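> Sequence first, predicted model second:
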Amino acid sequence: MPEGQGAPASPRAARSALDRRSSAPAACAQPQILALRSSGSSGSPGSPAPRRAAVRASVPQKLGEALSSQYGLNVFVAGLLLLLAWAVHASGVGKSGLLCFLTALMLLQLLWVLWFVGRSAAHRRLIRLKDTHAGARWLRGSITLFAILTVVLGCLKIGYFVGFSECLSATEGVFPVTHTVHTLVQVYFLWGHAKDIIQSFKTLERFGVIHSVFTNLLLWANSVLNESKHQLNEHKERLITLGFGNITIVLDDHTPPCNCSAPTLCSAVSHGIYLLYPFNIEYQILASTMLYVLWKNIGRQVDGHQHRKIQFRWHGVTVGSALGLTVLAATIGVVVVYLIQIGRSKTKSESALIMFYLYATALLMLMGAAGLVGIRIHRLDEPPLDESKNPARKLDSDLLVGTASGSWLLSWGSILAILCAKARPVYTWYNLPYSVLVIIEKYIQNLFIIESVHREPEKLSEDIRTLRVVTVCSGSDPSLASSSLRSGAVAGDVAPQVIQMPPAVNGNLCSREASGKGEAEPGGGGAPGPACRPRFLQGNAKRSILRNIAAFLFLCNISLWIPPAFGCRPEYDNGLEEIVFGFEPWIIVVNLAMPFSIFYRMHAAASLFEGYCKL
């Protein structure tokens, strides 16, 4: 029987094989033991006892998740109804009641956070499990930046309250103070505990974390509502200049009924508040996602395997960064011109819309082409997939698809309005390709991002070291193994029962089929074996192109986040959809879908950054 496929044919062969194993280096013992342990543990889950124990352990966790999630949903629904009642001027529901409810939620969360931090400090010497995928450093840095701008927003709101203190209730002064303290404490908490896998007081912790999740979601909804009301007032004023006089214009103004003590200062503060709302919106939704991952990790069983840290590398992305920065600068210019021209006159408004549609169409075509190239490169050379359980990565993928539906809803509405309208202004024909490309580009980009973040980080040096150890342990000559590595051939007689090596990730090493006796070819000058397939791109060139694509798409998504976040919203301004669907139905659709569309761009940028760091 050939060697490596069964037991030795004779006692002499068995003794020689034992001598070869005993004469191997001492370092070989550890890989063999690890291999035996992994093979033994792989069969253990199939036994009835561990399976029953796992089921019994998962029952309390599922019950705790169900109880806490239902509590959080009830809090969220109650808050949404209060927001809706205030937005439609329901009888007996004022802004003071809404702010009191939100302030109470924030104070309750602060009490829980202080208790959790104090208990963690008292038991700081205990070894705590960590989720290496959650709370990445760049993610915590991003939320810190948005939190700083949220604190500035809170200071402006306090100044606004001081200016109109004569006719504003005390809750409008207490709310920004509480929100500022809540922001500072929450960022400190996320920096120190976003990676925690909580294993004690699990039921209480689930309620505390899910309360924090939905508190942030309600604060996000409150900010979205305030910002949408401001945008809607400006939109109604612009419709007159576009000639849509048949639409009823009723401004929903919430300015205080008294004069400010310093009118110029109050006007500047009020304008600054609405400029900072987009950053506050991003902060709240980002905090809620990080807290949701923390909630999913409560009581989770993890193994001791620690994934390699993902490092950011700047070199080799000059082309993608240069193109992305050019797009960013051009986008800022387009937004400035749009905001200056829109609403001035009918001619200027139409020219601003045409300019925006032409620019966005060209940019979306470039982004779609870059995404297709990246997907094609991934398909040509497939590195191993990371199939480990990862709540953070699953949430990222779900959010990409879920928030993209906001833009798809707006795009399909525009397409139907163009096709069904009786009279079509000239600029609406530029809206048609723009709406189609929004759907296609996000579809392609989602595929590219999901493909990138599910890849294992490439580890060339570790693969070479593992290959050398396994080759020596299998009884081969160490010099032969070294020469095989230098020549670019992988030994074919590596024992398959110890470990099965994947092909090298950079394309320089490729496996060869074993010959009749399973001997390795010592030289690299011969023709490649059947298992060595030519690749379109070698490792370094492939990684360089993928990094440039990721850097370009990252900056493009930041660029496309700017226009809707700062008031450049053609879905409001072209007016055609409002004639076809009706003013109020279309405004409701835009107000519901636009926040998800804005968040999609920032979340896609964050996911692209993560995928870039893995390359």
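That came through fine.
> Tell me where the stretch 101-250 of the chain is predicted with low confidence.
The stretch 101-250 of the chain contains residues with pLDDT under 70 at 124-128, 131-133, 135, 200-202, 239-250.
> can you do 90?
115-142, 159-170, 172-173, 190-206, 208, 224-250 (pLDDT under 90).
> before we move on, what about the stretch 401-550 of the chain?
401-407, 417-430, 448-547, 550.
> Beyond the host helix or strand of residue 268, next helix or strand please.
For residue 268, the element it lies in under DSSP states H and E is helix 263-296. Per DSSP H and E, the first helix or strand lying C-terminal to helix 263-296 is helix 318-341.
> buried ones in that following helix?
If you call a residue buried by 16 or more other C-beta atoms under 10 Å, then helix 318-341 has these buried ones: 320, 321, 323, 324, 327, 328, 331, 334, 335, 337, 338, 341. In short, each C-beta sits where N, CA and C put it, glycine included.
> which ones are touching the fifth one?
Which is residue 327. Going by C-beta atoms under 8 Å, 6 or more residues apart in numbering, residue 327 touches 363, 366, 552, 555, 556, 559.
> Mind checking which of the residues you listed land in helices?
When the contacts of residue 327 are checked against helices (DSSP state H), the matches are 363, 366, 552, 555, 556, 559.
> Among those, name the buried ones.
Buried among the ones in helices among the contacts of residue 327 (16+ other C-beta under 10 Å): 363, 552, 555, 556, 559.
> Surely residue 567 forms part of a strand?
No. Secondary structure of residue 567 (DSSP: H, G, I helix; E, B strand; the rest coil): coil, not part of a strand.
> Now it, what are its backbone angles?
phi 100, psi 0 (degrees, to the nearest 10).
> Against residue 235, how distant is it?
Distance from residue 567 to residue 235, counting by C-beta to C-beta, to the nearest Å: 9 Å.
> and the helix holding residue 268, what does it pack onto?
If contacts are counted by 3 or more C-beta pairs under 8 Å, 6 or more residues apart in numbering; DSSP states H and E, helix 263-296 sits against helix 137-163, helix 171-193, helix 202-241, helix 391-420, helix 583-614.
> Show me which residues of it are buried.
266, 269-270, 272-274, 276-296.
> relative orientation of that helix and helix 583-614 in degrees?
60 degrees (axes from the mean of the first three to the mean of the last three C-alpha atoms, to 10 degrees).
> okay, stretch 557-572 in PDB with CA atoms only?
Taking Å, rounded to 0.1, in the frame of the first residue of the first chain, the C-alpha atoms of stretch 557-572 are listed here in PDB:
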ATOM      1  CA  ASN A 557     -19.500  57.500  -1.100                       C
ATOM      2  CA  ILE A 558     -18.400  60.300   1.100                       C
ATOM      3  CA  SER A 559     -19.000  62.700  -1.800                       C
ATOM      4  CA  LEU A 560     -22.500  61.300  -2.400                       C
ATOM      5  CA  TRP A 561     -23.300  61.700   1.300                       C
ATOM      6  CA  ILE A 562     -22.700  65.400   1.200                       C
ATOM      7  CA  PRO A 563     -25.500  66.600  -1.300                       C
ATOM      8  CA  PRO A 564     -28.600  65.100   0.500                       C
ATOM      9  CA  ALA A 565     -27.100  65.700   4.000                       C
ATOM     10  CA  PHE A 566     -26.700  69.500   3.300                       C
ATOM     11  CA  GLY A 567     -29.900  70.200   1.400                       C
ATOM     12  CA  CYS A 568     -29.100  69.300  -2.200                       C
ATOM     13  CA  ARG A 569     -32.200  67.000  -2.800                       C
ATOM     14  CA  PRO A 570     -33.500  67.000  -6.400                       C
ATOM     15  CA  GLU A 571     -36.200  64.500  -5.200                       C
ATOM     16  CA  TYR A 572     -37.700  67.600  -3.500                       C
END
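> ok, so of the buried residues of helix 318-341, who is nearest residue 143?
residue 328 (21.6 Å; C-beta to C-beta).
> Without its sequence neighbours, what residue ends up closest to the closest one?
residue 559 (4.8 Å; C-beta to C-beta, 6 or more residues apart in numbering).
> Tabulate the contacts of residue 327 in JSON lines, adding columns for pLDDT.
Below are the contacts of residue 327 laid out as JSON lines (pLDDT from 0 to 100):
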{"residue": "363", "pLDDT": "95"}
{"residue": "366", "pLDDT": "94"}
{"residue": "552", "pLDDT": "92"}
{"residue": "555", "pLDDT": "93"}
{"residue": "556", "pLDDT": "94"}
{"residue": "559", "pLDDT": "93"}
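> Out of these, the closest to residue 403 would be?
Nearest to residue 403 among the contacts of residue 327, with distances taken as C-beta to C-beta, is residue 556, at 16.7 Å.
> residues in contact with the closest one?
324, 327, 363, 366, 367 are the contacts of residue 556 under C-beta under 8 Å, 6+ apart.
> give me that answer again for 6 Å
With contacts taken as C-beta atoms under 6 Å, 6 or more residues apart in numbering, residue 556 has the following neighbours: 327, 367.
> likewise residue 262?
residue 163.
> and the gap between it and residue 84?
Distance from residue 262 to residue 84, by C-beta to C-beta: 34 Å.
> now residue 145
31 Å.
> Domain map for the protein?
58-121+135-301, 315-456+537-614 (the TED database).
> now those as TSV including distance to residue 129?
Shown next, in TSV, are those (distance: least, C-beta to C-beta, whole Å):
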stretch	distance to residue 129
domain 58-121+135-301	4
domain 315-456+537-614	14
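> For residue 119, list the residues it contacts.
Here residue 119 is in contact with no residue (C-beta under 6 Å, 6+ apart).
> Kindly provide the distance from it to residue 567.
For residue 119 relative to residue 567 (C-beta to C-beta), the value is 45 Å.
> how close does residue 115 get to residue 147?
22 Å.
> number of nearby residues for the nearest residue to residue 218 once chain neighbours are set aside?
Distances taken as C-beta to C-beta, 6+ apart put residue 79 closest to residue 218, at 4.0 Å, once the chain neighbours are dropped. Using other C-beta atoms under 10 Å, the number of residues around residue 79 comes to 21.
> What's the separation between residue 79 and residue 217?
8 Å.
> Please apply the same query to residue 99.
17 Å.
> now residue 567: how far from residue 155?
22 Å.
> More neighbours: those two, which one.
Taking neighbours as other C-beta under 10 Å, residue 567 and residue 155 compare with residue 567 leading, 20 against 16.
> what sits against the more buried one?
Applying C-beta under 6 Å, 6+ apart, no residues qualify as near residue 567.
> Kindly recompute the last result at 10 Å.
Contact partners of residue 567, counting by C-beta atoms under 10 Å, 6 or more residues apart in numbering, are 227, 230-231, 234-235, 274-275, 278, 335, 338-339, 342, 573.
> for residue 434, same thing?
Applying C-beta under 10 Å, 6+ apart, the residues near residue 434 are 356, 357, 358, 359, 360, 361, 362, 363, 364, 411, 414, 570.
> wouldn't the last one be in contact with residue 352 here?
Read that as residue 570. Yes. Assessed by C-beta atoms under 10 Å, residue 570 is found in contact with residue 352 at 8.8 Å.
> so what's in contact with these two at the same time?
If you check residue 570 and residue 352 against C-beta under 10 Å, 6+ apart, the residues they both contact are 338, 342, 427.
> and the second one, backbone torsions?
To tie it back to what came earlier, the one meant is residue 342. According to degrees, to the nearest 10, residue 342 has phi -70, psi 130.
> how near is it to residue 418?
20 Å.
> who has more neighbours, those two?
When neighbours are counted by other C-beta under 10 Å, residue 342 and residue 418 differ, and residue 342 comes out ahead with 26 against 18.
> and the more buried one, what pLDDT?
Residue 342 is assigned a predicted lDDT (pLDDT) of 83.
> Please name the residues that touch it.
Contacts of residue 342 by C-beta under 10 Å, 6+ apart are 234-235, 238, 241-242, 348-353, 356, 567-570, 572-573.
> circling back: hmm, residue 363 and the residue nearest to residue 328 touching each other?
Yes. Residue 559 is within contact range of residue 363, at 7.4 Å (criterion: C-beta under 10 Å).
> Give the residues shared as contacts by the two.
327, 330, 331, 334.
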